[in-house]
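**Student:** got a structure for you, letters missing:
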């Protein structure tokens, strides 16, 4: 019998904060690729101190970028070509 089943039989319970529970529930409803991304982030946070911490502004920018991606709002090939030209590439 694996460790999780043994702990459950012994009556141990594990508590998460309400916010974490809400986050886990929201992630369950995401497509598999997004679930994996969330899992990687959680494992990174759980296994050690992150080397870099995003600012509040960066987090808000990231949220907007994810919303744009969800809408399919990506740069066109022409827009990308113009960007590359601007940087001499």
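**Tutor:** Looks like it came in fine. Just so you know, these numbers come straight off a predicted model, no measurement behind them.
**Student:** tell me which strands and helices the stretch of helix or strand residue 23 belongs to is in contact with?
**Tutor:** Per DSSP states H and E: residue 23 is located in helix 18-28. Here helix 18-28 touches helix 32-47, going by 3 or more Cβ pairs under 8 Å, 6 or more residues apart in numbering; DSSP states H and E. Any C-beta I mention is one placed from the backbone N, CA and C, and that applies to glycine too.
**Student:** how about low-confidence regions in this structure?
**Tutor:** Within the chain, the stretches with pLDDT under 70 are 1-14, 49-50.
**Student:** any idea how it splits into domains?
**Tutor:** 1-52, 54-89 (automatic domain parsing).
**Student:** mean neighbour count added to these, as CSV?
**Tutor:** Output for those, formatted as CSV (neighbours: other Cβ atoms under 10 Å):
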stretch, mean neighbour count
domain 1-52, 10
domain 54-89, 9
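**Student:** quick revisit: neighbouring contacts of the helix holding residue 23?
**Tutor:** Helix 18-28 is touched from outside by 16, 34, 35, 38, 39, with contacts defined as Cβ atoms under 8 Å, 6 or more residues apart in numbering.
**Student:** nearest to residue 80, of those?
**Tutor:** Comparing those against residue 80 with Cβ to Cβ picks out residue 34 as the nearest, at 24.2 Å.
**Student:** nice, that's everything, thank you.
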